[in-house]
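*Asks:* Fold the stuff below for me.
(chains A and B)
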Amino acid sequence: NAGVTQTPKFQVLKTGQSMTLQCAQDMNHNSMYWYRQDPGMGLRLIYYSASEGTTDKGEVPNGYNVSRLNKREFSLRLESAAPSQTSVYFCAISEAVPNYGYTFGSGTRLTVV
Amino acid sequence: KNQVEQSPQSLIILEGKNCTLQCNYTVSPFSNLRWYKQDTGRGPVSLTIMTFSENTKSNGRYTATLDADTKQSSLHITASQLSDSASYICVKTRGAGSYQLTFGKGTKLSVIP
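*Replies:* Numbering: from 1, shown residues only, chains lettered A, B, ... in the order given. Predicted coordinates:
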């Protein structure tokens, strides 16, 4: 999706391994988010960053950490991956005021075996 | 319990026909209600955003309606095209200024020739 780039697109991890999902935007938006999408469930918020220098927990933060490296980049780290973290991860951005629309990246499909 | 319920779960229609997707939400306060389209393997794309005071909003062949009294919204698709095949997700903002969205599970629409 235009404006939000996620890497990698696919990843397979073994239980206990660590990895970082990267998200970068070129739309100069203040707020960035990490969501996960599981079959039969709506997207759920993991962490968000309302502005550069701030991060907050969402609905399902356990097992994850985030870093807002600068205004453009927001990374999601799994320190010790578990099979329950198998999911599709989406990064999203929005203007500072959350009533504006969100722009989503194309997702990272993660499988933990 | 998910606070945003969508129906039907899936729908198959013939190309050129109209269809209406339903969304019921159960939690107040209310800030805005959104509809997203998600193609397979892609991130969601915003179709409409409606605030409390709006009861209809259009985006091309997509028209969303909102009844805040009954806490219901619908998405009407006119003259469907094969490219309309996707999941359609209803999303509610949890409150004014909230960064947390509640996503429905989506309706999977298939348009067949």
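*Asks:* Enumerate the helices of the chain by residue range, in sequence order.
*Replies:* Defaulting to chain A. Counting by DSSP state H, chain A has no helices to list.
*Asks:* Quick one: name the residues of it near chain B.
*Replies:* A:1, A:4, A:31, A:33, A:40-45, A:48, A:50, A:56, A:58-59, A:90, A:92, A:97-107 (C-beta under 8 Å from any C-beta of the partner chain). Every C-beta, even on glycine, is put in place using the N, C-alpha and C of the backbone.
*Asks:* Looking at those residues, which are in strands?
*Replies:* A:4, A:31, A:33, A:44-45, A:48, A:56, A:90, A:92, A:103-104 (DSSP state E).
*Asks:* Any chance of a PyMOL selection covering the buried ones in the residues you listed?
*Replies:* Applying 16 or more other C-beta atoms under 10 Å in any protein chain shown to those, the buried members can be selected in PyMOL as follows:
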select buried, chain A and resi 4+31+33+44+45+48+90+92+103+104
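*Asks:* which one of the ones in strands among the residues of chain A next to chain B is nearest chain B?
*Replies:* A:F104 (3.2 Å; C-beta to the nearest C-beta).
*Asks:* Give me the neighbour count for the closest residue to that closest one other than its chain neighbours.
*Replies:* Once flanking residues are discounted, A:F104 sits nearest to B:G43: 3.2 Å by C-beta to C-beta, 6 or more residues apart in numbering or on different chains. Other residues near B:G43 number 23, with proximity taken as other C-beta atoms under 10 Å in any protein chain shown.
*Asks:* so what's B:G43 up against?
*Replies:* A:1, A:4, A:90, A:92, A:104-107 (C-beta atoms under 8 Å, 6 or more residues apart in numbering or on different chains).
*Asks:* Next, it: secondary structure please.
*Replies:* Under DSSP: H, G, I helix; E, B strand; the rest coil, the three-state class of B:G43 is coil.
*Asks:* so how far is B:I89 from it?
*Replies:* For B:G43, the distance to B:I89 equals 11 Å [C-beta to C-beta, to the nearest Å].
*Asks:* same thing with B:D39?
*Replies:* 12 Å.
*Asks:* The two - which one has more neighbours?
*Replies:* With neighbours defined as other C-beta under 10 Å, B:D39 and B:I89 compare such that B:I89 has more, 26 against 14.
*Asks:* Quickly list what A:T5 is bridged to.
*Replies:* Beta-bridge pairing for A:T5 (DSSP bridges): A:A24.
*Asks:* Pretty sure it sits against A:M27.
*Replies:* No. Assessed by C-beta atoms under 8 Å, A:T5 is found out of contact with A:M27, at 10.9 Å.
*Asks:* where are the low-confidence patches of chain B?
*Replies:* For chain B, the stretches flagged by pLDDT under 70 are B:1-2, B:27-30, B:95-98.
*Asks:* ranges for the strands of it?
*Replies:* Counting by DSSP E, the strands of chain B are B:4-7, B:10-14, B:19-25, B:32-38, B:45-51, B:56-59, B:62-67, B:72-77, B:86-93, B:101-103, B:107-112.
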